[in-house]
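Participant: Dropping the sequence and predicted coords here.
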There are 2 protein chains.
Amino acid sequence: MVATRLSDVAARAGVSVKTVSNVINDYPHITPATRAKVEAAIAELGYTPNVSARSLRKGRSDFIALAIPEMASPYFAELGAAISRAAKKRGITVLIDQTEGEPAAEQFVLDGMRGQLIDGIIFSPITTAPTKITVADDGKPLLLLGERQPGGAVDHVAVDSVQASFDATNHLISLGRTRIAAVGVGGGAGTGAVRRKGYRKALKAAGLPIDPALEIDGTGYHREDGAAAMRDLLALPSPPDAVFCFNDLLALGALRALADAGLSVPGDVAVVGFDDIEDGRYHSPSLTTISPDLDWLADKAVTLLLDRIAGTGPPERLDLSVPYTLQIRESTTG
Amino acid sequence: MVATRLSDVAARAGVSVKTVSNVINDYPHITPATRAKVEAAIAELGYTPNVSARSLRKGRSDFIALAIPEMASPYFAELGAAISRAAKKRGITVLIDQTEGEPAAEQFVLDGMRGQLIDGIIFSPITTAPTKITVADDGKPLLLLGERQPGGAVDHVAVDSVQASFDATNHLISLGRTRIAAVGVGGGAGTGAVRRKGYRKALKAAGLPIDPALEIDGTGYHREDGAAAMRDLLALPSPPDAVFCFNDLLALGALRALADAGLSVPGDVAVVGFDDIEDGRYHSPSLTTISPDLDWLADKAVTLLLDRIAGTGPPERLDLSVPYTLQIRESTTG
């Protein structure tokens, strides 16, 4: 298709190119009749003003960026889809950038992307310490997702991971399990540390011992890491009777390793995940997990960022806690 | 962090702002010594030239866009990750846009996104007929993914779906299955039609009858559609002994419905998918499926698009066929 030009719109409306430009840019001194003619021509021809030229004049592009570590991780894919939907409702397009958690790529998000025609950035960092992240005086608004860290300088939206991990572990304790392993303590961006905090807190509250042999790194948070961790746990002299995996992919890998070992779930080993990705809901057995309200998260994150872009946000930085539920399914209750 | 400005670089290098600008823009008449001083200052200060200003001058941003229907679909998430990695190797950043297959969003990709500071677009359409897609004379290069359609006017990279579906169906026939259902014949962008073509071709070649009762729409291609389709098939007077699902999500939904019905896989029903998403590899039973070489696809798509951007591509449009394998796993062979 040949792109419609300003001159095509002008010819159709029977006005000058300058007049069309004035209408598009909302300049004053245009009669309602002229405006109507130009807008009708724009609609008839499906004309889209050149964003790059317009945004340099107006300072807005109606695009925002979402920078995530990994698109192929279902949690981030579902998060990206939710944020994209929430933005579209407000007429904003989300462009997604995959950093792979690389320091250079994360720095690029904080520096270079700001040269792109985007109005603001929603960023889920893995390697960059949130305390190092501030908004430049002349920079675009930035909103952080992921674990809450002390000393942050920008808006932040996340699940209370300590409390959620306490709840997940407590569920296993309430089922009478006493040797509960944790997989994922080596997770980046503080995730491993804060989820372990909630896990240990629940064990202590129940008077159960903390056994470092039952705490596995699971770094990478992929299915293969969960399967490897489960095999290590099953090789222990006294294997666990339950496992709390710090994300669903680890849990799905653990379930595969348990199936390979001929063990029953939850009979021999009960399994809990974190994220509530669709895969876990359809798995046999279906996966008990912490389910953050992604639509809530997406709505709040987009609304707050757009408020910052418009300059209408609250004076102080916000730290919003995403509601979650514990979804109890077959992997713990059969 | 406070953004480094051109004036900071100039002060550090002991030259004028104009000289720094000349170096950044590769203008002639700069001595090697001056260039070295400026480049050292840029490196020391971590200065990033403003992309929007620079790209308006140079006509390149080193960003490309990938427009996909659905981020939360693991196939598209894995595809996006592969394309993002392939581009990063060449110093290009990929920004991903989720269209949800909506006609307006797809039109926006073809029209409005071109105003963004991107050098080209890789587009996987669902609702827009590929025959309607051409490049505007002054438009950015465009490359299409997805089913091959006659009459296309732009470069195209895709699996030969007819042949792959023939192979998948033939595998089930070779196992002695005779009532082989197809789930997904209602899929958009021609996917349902071309995969059914390969399925029917294999049945005919083996002398098996074509039974329309065994061909289920499965529109949407999600797990829930696969589960619903499988329940419908099991309610038939004479249920199938095998199912070829036109994507892995449909197959994973079908596996869940079979588990719920207490049937064994592959004993009672053998199941084949299409895409080879990670979920299917870790599932119990693991999923037999068509496995396209996504790294090959990503590499070829990015290379060809960058050639078009640089004006160094072949004169004719290309239509590249992605290599694939049939991965035989537990869902057909136990």
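Facilitator: Cool, got the structure. Residues are numbered from 1 along each chain as shown, chains lettered A, B, ... in the order given.
Participant: which parts of whichever helix or strand residue A:34 is part of are buried?
Facilitator: Applying DSSP states H and E as the criterion places residue A:34 in helix A:32-45. Within helix A:32-45, the residues that count as buried by 16 or more other CB atoms under 10 Å in any protein chain shown are A:34, A:37, A:38, A:41, A:42. For the C-beta atoms, the positions are set from N, CA and C on the backbone; glycine is no exception.
Participant: then that helix to PDB, C-alphas only?
Facilitator: These are the backbone C-alpha positions of helix A:32-45, laid out as PDB (Å, rounded to 0.1, in the frame of the first residue of the first chain):
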ATOM      1  CA  PRO A  32     -15.000  24.300  12.800                       C
ATOM      2  CA  ALA A  33     -16.000  23.800   9.100                       C
ATOM      3  CA  THR A  34     -12.400  23.600   8.000                       C
ATOM      4  CA  ARG A  35     -11.500  21.300  10.800                       C
ATOM      5  CA  ALA A  36     -14.500  19.000   9.900                       C
ATOM      6  CA  LYS A  37     -13.400  18.900   6.200                       C
ATOM      7  CA  VAL A  38      -9.900  18.000   7.100                       C
ATOM      8  CA  GLU A  39     -10.900  15.400   9.700                       C
ATOM      9  CA  ALA A  40     -13.300  13.800   7.200                       C
ATOM     10  CA  ALA A  41     -10.500  13.600   4.600                       C
ATOM     11  CA  ILE A  42      -8.100  12.100   7.200                       C
ATOM     12  CA  ALA A  43     -10.700   9.400   8.000                       C
ATOM     13  CA  GLU A  44     -11.600   8.700   4.400                       C
ATOM     14  CA  LEU A  45      -8.000   8.200   3.400                       C
END
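Participant: for that helix, what is the average pLDDT?
Facilitator: Per-residue pLDDT values across helix A:32-45 average out to 84.
Participant: Stretch A:313-324 now?
Facilitator: 92.
Participant: for chain B, what are the nearby residues on the stretch 201-334 of chain A?
Facilitator: Where the stretch 201-334 of chain A comes near chain B, counting by CB under 8 Å from any CB of the partner chain, the residues are A:223, A:227, A:252, A:253, A:255, A:256, A:259, A:278, A:279, A:282, A:283, A:284.
Participant: what about 6 Å?
Facilitator: A:223, A:252, A:256, A:259, A:279, A:282, A:284 (CB under 6 Å from any CB of the partner chain).
Participant: Isn't the last one up against residue B:259?
Facilitator: When you say that, I think you mean residue A:284. Yes. With contact defined as CB atoms under 6 Å, residue A:284 and residue B:259 form a contacting pair (4.2 Å).
Participant: Ignoring the adjacent residues along the chain, who's closest to residue A:160?
Facilitator: The shortest distance from residue A:160 to any residue that is not its chain neighbour, by CB to CB, 6 or more residues apart in numbering or on different chains, is 5.1 Å, and that residue is residue A:321.
Participant: got the residue ranges for the strands in chain A?
Facilitator: A:63-68, A:93-98, A:121-123, A:142-145, A:155-158, A:180-183, A:215-216, A:242-245, A:270-274, A:288-292, A:319-321, A:324-327 (DSSP state E).
Participant: Just put those strands in TSV and tack on distance to residue B:16.
Facilitator: Conversion of these to TSV gives the following (distance: least, CB to CB, whole Å):
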stretch	distance to residue B:16
strand A:63-68	34
strand A:93-98	35
strand A:121-123	33
strand A:142-145	33
strand A:155-158	39
strand A:180-183	58
strand A:215-216	59
strand A:242-245	59
strand A:270-274	56
strand A:288-292	53
strand A:319-321	45
strand A:324-327	56
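Participant: what residues are up against residue A:6?
Facilitator: Residue A:6 is in contact with A:17, A:20, counting by CB atoms under 6 Å, 6 or more residues apart in numbering or on different chains.
Participant: can you rerun that using 8 Å?
Facilitator: By CB atoms under 8 Å, 6 or more residues apart in numbering or on different chains, the residues touching residue A:6 are A:17, A:20, A:21, A:47.
Participant: Whichever of these end up buried, select them in ChimeraX.
Facilitator: When burial is assessed using 16+ other CB under 10 Å, the buried subset of the contacts of residue A:6 is captured in ChimeraX by this command:
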select /A:20,21,47
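Participant: Can you tell me which of the contacts of residue A:6 lies closest to residue A:83?
Facilitator: Nearest to residue A:83 among the contacts of residue A:6 is residue A:47, at 28.8 Å by CB to CB.
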